[in-house]
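Novice: Turn this into a model:
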Amino acid sequence: MKSSTEIPLLNFIKINKYSTTPIYLQIANQLSNAIQRNYIPKGTKLLGTRKLSELLHINRNTVVAAYQELEAQGWIITEANRGSYTCDKIKNKPEKLKATDNTLIEAYPNQSGFSFNRSNILDTPYEKVNTTYFFTDGTPDNRIIQLSQLSSFYSASMKRKNNKKRLNSNSYESNTFFLENMVNYLNISRGLQISTSNILITNSSEMSIYIASEVLLNAGDKVIVADLSYFSSNMTFQNKQANVLTVPVDQQGIDVDAIEKLCEKHTVRLLYITPHHHYPTTSTLSAQRRVKLLNLSNQYGFIILEDDYDYEFHYESTPLLPLASSDKKGMVVYTGTLGLSLIPGFKLGFIIAPKNVIQEMRKHLNVINPKGDILLQQVLGELIDEGEINRYLKKSLKVYTERRNQFCDLLERYFGEAVSFQVPSGGLAVWTLWKKGINLLNLKKKALDKNLFIPKTILYQNKDITAMRLGFGHLDKEEMEVTISLLHQSMLELEVEKNTTI
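Specialist: Okay, here's the model as predicted:
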């Protein structure tokens, strides 16, 4: 019988002292893995606890605990005055097998031994690039948030005895304090007339769209989206095997007349729309078109899936209320986010719909995320109840208004007639139209050479349009100046190369 002294134990016992997993469990798990793979054959006598502790430079009691765990799981047996031996877990009987001196632990397999479903539709469009400067499609700046104050709210909430009880609840539905405050906040800020039976809390806007698609759509259903539209929602509809139809967008939002023409030819199941600030063009759906759109929904029976992803950010005037605030026939399903003005960990999504629809959607949520973050919901409820969330939003709006104005001034100063745009009334991005002849993918490459990353998800170019959705919210004054300057340098280099080639 071979001893484990002849087996290179250090090849597969790696201790991570910074791991949250206790060291004795790390050892037990790695030894059981080696036994299952026959790197330590059945019948092998293990090192004594003292020798192994010396080899690993750890306390002997830790090795004793690891052996006890292995014995409890049935991977080894310990005999008095003889030591511990690996054994067949099923037979629980030691067997003599020859150990090899150069046994090595192999890496976890890169390829599965089974077939599985693959999706080309859901391939991520996001890129991983590390540069000092970068654009987004319009994201907040977490640096302007008073993190210490938010942390104090979170810490205080965790210490309250009544909140500790909520952590043991089986569903977020039991947190009536949060739901009631959330409903009141939405009713006041967005002109809704809902109760707690009309709302479902999710982790994000994307999760809301996914759940809505699962409940509202079947394969082959016709879905209308704008041309152009949000890529993530389009992927969700296509993955559901819906037949996606497109209609144009102009400065007054989605073309409602084009929607009517499609409804005359097709049985449309659902319309997806971002009316507050259309994604990606940032245009706002006019009041006249909103009225007609609701009438068309009632007439032709299609669902309006209203995605109000950035309602919190508006600058010059009071924003138009959501379509859901005027829905009297139960045809609008309204999704949005809470906490965009806070750090990402404080953001939640929600769905507003008739009670019977919410009941069905909750079934899907209970599979994906049955409890949710109950403590976070409690903290957000307190932020709403005490008026703090409005104060945070007011402060951030002042910063983003200044950044929007500066960003637009820089675009005008650096690019002049080469780029046209409308100053957005809200949101955190500017829709820029570029003069024809500029290849945006080549511009992206030039910028990357200058330490500026332009994600492909903000580029829109075909035979009819050359445009970029440039986010400004995450950039401070100095970063904005440098970023726009680098973008301008990249454009000039492209023009020089083009003229040289000609």
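
Novice: Is Tyr67 in contact with Arg50, as I believe?
Specialist: No - proximity of Tyr67 to Arg50 does not meet the contact threshold set by CB atoms under 8 Å, at 11.7 Å. Using the backbone N, CA and C atoms, a C-beta is placed for each residue, glycine as well.

Novice: which element is the residue nearest to Gly253 when sequence neighbours are not counted on?
Specialist: Of all residues not flanking Gly253 in the chain, Leu285 sits nearest, at 3.2 Å (CB to CB, 6 or more residues apart in numbering). Using DSSP states H and E, Leu285 maps to neither a helix nor a strand.

Novice: could we number from 710 for the rest of this?
Specialist: Noted, 710 is the first residue going forward, which turns the last one into Leu994.

Novice: Distance from the chain centre to the strand or helix carrying Val1042, please.
Specialist: Assessed by DSSP H and E, Val1042 sits inside strand 1041-1047. Its chain's C-alpha centre and that of strand 1041-1047 lie 16 Å apart, by CA atoms, centre = their mean, to the nearest Å.

Novice: Neighbours of Phe823, how many?
Specialist: By other CB atoms under 10 Å, 5 other residues sit near Phe823.

Novice: ok, now Tyr748?
Specialist: Neighbour count for Tyr748, taken as other CB under 10 Å: 21.

Novice: can you give me the strands in the stretch 1010-1159 of the chain?
Specialist: Counting by DSSP state E, counting those that start in this stretch, the stretch 1010-1159 of the chain has these strands, from start to end: 1012-1017, 1041-1047, 1057-1061, 1128-1130, 1138-1143.

Novice: Quick one: closest of those to Tyr1101.
Specialist: Of all the strands of the stretch 1010-1159 of the chain, strand 1041-1047 sits nearest to Tyr1101, with 11.5 Å by CB to CB.

Novice: what's the angle from that closest one to strand 1057-1061?
Specialist: Angle of strand 1041-1047 versus strand 1057-1061, following axes from the mean of the first three to the mean of the last three CA atoms, to 10 degrees, is 160 degrees.

Novice: so what's the nearest residue to Leu1047 once chain neighbours are set aside up against?
Specialist: Spatial nearest neighbour of Leu1047, chain neighbours left out: Leu1057 (5.1 Å); criterion: CB to CB, 6+ apart. Contacts of Leu1057 were listed using CB atoms under 8 Å, 6 or more residues apart in numbering, and they are Ile910, Thr911, Asn912, Ser913, Thr1046, Leu1047, Gly1048, Asp1082, Leu1085, Gln1086, Leu1089.

Novice: I'd like those laid out as JSON lines, including neighbour count and distance to Gln739.
Specialist: Putting the contacts of Leu1057 into JSON lines (neighbours: other CB atoms under 10 Å; distance: CB to CB, whole Å) gives the following:
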{"residue": "Ile910", "neighbour count": "25", "distance to Gln739": "40"}
{"residue": "Thr911", "neighbour count": "23", "distance to Gln739": "38"}
{"residue": "Asn912", "neighbour count": "16", "distance to Gln739": "34"}
{"residue": "Ser913", "neighbour count": "16", "distance to Gln739": "36"}
{"residue": "Thr1046", "neighbour count": "19", "distance to Gln739": "43"}
{"residue": "Leu1047", "neighbour count": "23", "distance to Gln739": "44"}
{"residue": "Gly1048", "neighbour count": "20", "distance to Gln739": "41"}
{"residue": "Asp1082", "neighbour count": "16", "distance to Gln739": "33"}
{"residue": "Leu1085", "neighbour count": "20", "distance to Gln739": "35"}
{"residue": "Gln1086", "neighbour count": "21", "distance to Gln739": "39"}
{"residue": "Leu1089", "neighbour count": "26", "distance to Gln739": "41"}
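
Novice: just the residues you listed now: which is nearest Pro1031?
Specialist: Distance to Pro1031 across those (CB to CB) is lowest for Thr1046, with 12.9 Å.

Novice: Distance check, that closest one against Leu895.
Specialist: In this view, Thr1046 and Leu895 are 11 Å apart by CB to CB, to the nearest Å.

Novice: Could you tell me how many residues sit around the closest residue to Lys726 other than its chain neighbours?
Specialist: Leaving aside its sequence neighbours, Lys726 sits nearest to Ile732 (CB to CB, 6+ apart; 7.2 Å). As a burial measure, Ile732 scores 18 neighbours (other CB under 10 Å).

Novice: same thing with Thr976?
Specialist: Using other CB under 10 Å, Thr976 has 10 neighbouring residues.

Novice: cool, Glu969 as well?
Specialist: For Glu969, the neighbour count with other CB under 10 Å is 16.

Novice: The one 4 residues further on too?
Specialist: For Glu973, the number of neighbouring residues by other CB under 10 Å comes to 8.

Novice: sorry, back to before: the residue nearest to Leu1047 and Ser913: what is the separation?
Specialist: Leu1057 sits 8 Å away from Ser913, taking CB to CB as the criterion.

Novice: which neighbours do these two share?
Specialist: In contact with both Leu1057 and Ser913: Thr1046, using CB under 8 Å, 6+ apart.

Novice: and Thr758, what is it in contact with?
Specialist: By CB under 8 Å, 6+ apart, the contact list for Thr758 reads Arg769, Val772, Val773, Tyr776.

Novice: and what of Ile968?
Specialist: Counting by CB under 8 Å, 6+ apart, Ile968 touches Ile933, Val956, Leu980, Leu1002, Leu1005.

Novice: Confirm that it lies within a helix, as I assumed.
Specialist: Yes - counting by DSSP: H, G, I helix; E, B strand; the rest coil, Ile968 falls inside a helix.

Novice: what residues go with each domain of the protein?
Specialist: 713-795, 842-850+1101-1210, 854-1099 (automatic domain parsing).
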